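[1] quick check, what structure comes out for this input:
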Amino acid sequence: MNATKPNATKLNEFDLVIVGGGLVGASLACALAESPLRIAMVEAQPFNTEQHPGFDARTVALAAGSQQIFNAMGLWEAIAAQGVTPIRRIHVSDRGHAGSAHLDAAEQGLAAMGYVADIRVLGQVLSRQLEQQANVTLFCPASVKAVQFAPAHAKVVLQHDDALHEITAALVVAADGGNSFIRNDSGIATFTLDYHQSALISNVAVDRPHRNIAYERFTDSGPMALLPTRDEQGNDNTFALVWTLKPEQVEAVQGWDEATFLSQLQQRFGERAGQFTRSSQRHLYPLKFLQTREHVRPRLAVIGNAAHTLHPVAGQGFNLGLRDVAVLSQVLIDALAQNDDPGDLGVLRRYARWRRRDHLQTSLATDALVRVFSNNFLPLAVARNLGLTLLDTLPPLKKQLVRHAMGYVGKLPRLARGLKP
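    Here you go, the predicted structure:
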């Protein structure tokens with residue numbers, strides 16, 4: 001995607017500057033496609049490269065609510081056409097203990113509880129949509145050097161095309177990830193927690209079809225997840241693996257050849273998914289918890305991983321960010337309809353209040369899963385396995401858990417209900 005000339009009265013004036021063109025930032029711009037807002041998007045990495053956050057080799061588990069949001073944005077058909085794998089059942093177990101639970105889409109009257117999609121595919125679909133939007137100007141590759149907030153506007157200083165540029169906007173949205181420059185430069189405090197764990201990411205094949213079952217297995221080093229996928233030939237016997245490792249395990253695992261890796265994986269996971277037969281390249285990502293103390297200030301909103309970075313144990317990170325997009329886009333469009341300033345703190349507080357419950361519940365639930373299931377204290381192990389067994393026998397509790405996992409939390413924005421924002 002190439003930068004285009006701004007659709008603005010003055011070339012450096014916009015209504016909205018989105019800093020960060022990854023999945024969350026790009027989704028926000030796409031959600032505002034039919035609005036009159038003049039949008040500038042600032043992204044450091046060129047699109048269509050492996051370095052760009054929307055074009056790496058990982059997969060993401062899209063909750064059913066996220067699928068609904070993409071569908072309302074008019075993007076789901078293009079995403080599905082490139083291949084997604086529905087999750088019809090989820091099996092949860094605790095290594096070394098008898099407790100387990102099963103979540104079944106059919107029992108809940110659903111076609112699927114979620115879908116597994118390549119991040120690369122999502123990035124391609126979003127970038128193609130942005131290319132067609134007359135109200136978006138892309139500054140890429142570009143980096144933010146400074147941001148200044150005044151009562152009437154915000155000014156962003158960019159390094160772009162080997163020169164410094166100044167652009168102004170009513171609102172700046174920080175969607176620039178866990179190490180957000182905008183958040184840090186603005187002095188917004190965060191609560192962070194190092195899990196002292198790393199996530200090993202790989203694609204693995206097994207000797208039988210996966211039957212659209214996702215597996216979550218808790219071990220003493222942390223959770224392991226297998227998400228059903230399809231290989232390049234369309235075979236349904238592959239999984240996206242997320243294996244949580246302790247620091248002392250990382251060096252050894254990095255040195256394993258494929259045969260040793262598969263053997264160790266089999267030992268740790270068991271044979272419920274079948275026999276592991278091959279694996280792809282492995283990638284390691286350090287894990288931490290991050291939550292901002294503030295989500296909005298005058299002329300500033302912080303969304304996605306810039307506002308909340310979660311452990312991947314429940315696969316909620318991107319889904320939480322996409323729900324940020326659904327709410328913020330609706331708040332901004334409603335503000336325009338009421339002739340309100342989109343960067344006014346009163347408007348932005350509507351967004352912050354709306355998102356508070358989901359942020360808190362999802363963050364606390366994810367962190368609790370990591371802590372409770374990574375602890376080998378015997379009474380706690382007994383209690384959590386009893387909890388898994390009870391979950392499997394209490395349909396109302398299971399239904400509530402499934403609804404939360406699908407992203408149906410509190411008051412739903414229009415996009416999450418299948419409507420335009």
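
[2] how deep is Leu290 tucked in, by neighbour count?
    20 (other Cβ atoms under 10 Å). Glycine gets a C-beta too; all of them are placed from N, C-alpha and C.

[3] residue ranges with poor pLDDT in the protein?
    1-11, 47-57, 95-99, 371-395, 397-398 (pLDDT under 70).

[4] the residue lying closest to Trp256 once chain neighbours are set aside sits in which helix or strand?
    Spatially, and ignoring its direct neighbours in sequence, Trp256 is nearest to Gln264 (6.7 Å; Cβ to Cβ, 6 or more residues apart in numbering). For Gln264, the element it lies in under DSSP states H and E is helix 258-269.

[5] quick check: end-to-end length of stretch 140-158?
    Using Cα to Cα, to the nearest Å, the end-to-end distance of stretch 140-158 comes to 10 Å.

[6] helices along the stretch 301-421 of the chain, start to end?
    Under the criterion DSSP state H, counting those that start in this stretch, the stretch 301-421 of the chain contains helices at 317-337, 345-373, 378-393, 395-405.

[7] next, the buried residues of the first one.
    Applying a neighbour-count criterion of 16 or more other Cβ atoms under 10 Å, the buried positions in helix 317-337 are 317-333, 335-336.

[8] how many degrees apart are it and helix 395-405 in direction?
    With axes from the mean of the first three to the mean of the last three Cα atoms, to 10 degrees applied, the angle from helix 317-337 to helix 395-405 works out at 70 degrees.

[9] elements contacting helix 317-337?
    With contacts taken as 3 or more Cβ pairs under 8 Å, 6 or more residues apart in numbering; DSSP states H and E, helix 317-337 sits against helix 23-31, strand 59-63, helix 64-72, strand 308-309, helix 345-373.

[10] what's the angle between the third one and strand 59-63?
    An angle of 90 degrees separates the directions of helix 64-72 and strand 59-63 when computed by the same axes, to 10 degrees.

[11] what's the helix or strand following helix 64-72 packed up against?
    Moving toward the C-terminus from helix 64-72, the first helix or strand encountered (DSSP H and E) is helix 76-81. If you count contacts as 3+ Cβ pairs under 8 Å, 6+ apart, helix 76-81 packs onto helix 64-72, helix 119-132.

[12] relative to Tyr408, which of those helices is closest?
    When the helices and strands packed on helix 76-81 are ranked by distance to Tyr408, counting by Cβ to Cβ, first place goes to helix 64-72 at 5.6 Å.

[13] buried residues in that closest one, which are they?
    For helix 64-72, the neighbour count (16+ other Cβ under 10 Å) marks 64-70, 72 as buried.

[14] would CSV of the residues you listed with distance to Ala26 be doable?
    What follows is the buried residues of helix 64-72, written out as CSV (distance: Cβ to Cβ, whole Å):
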residue, distance to Ala26
Ala64, 21
Gly65, 19
Ser66, 14
Gln67, 17
Gln68, 18
Ile69, 13
Phe70, 12
Ala72, 16
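
[15] nearest to Val84 among the residues you listed?
    Among the buried residues of helix 64-72, and counting by Cβ to Cβ, the member closest to Val84 is Gln67, at 8.4 Å.

[16] list the contacts for Gln82?
    118, 121, 124-125 (Cβ atoms under 8 Å, 6 or more residues apart in numbering).
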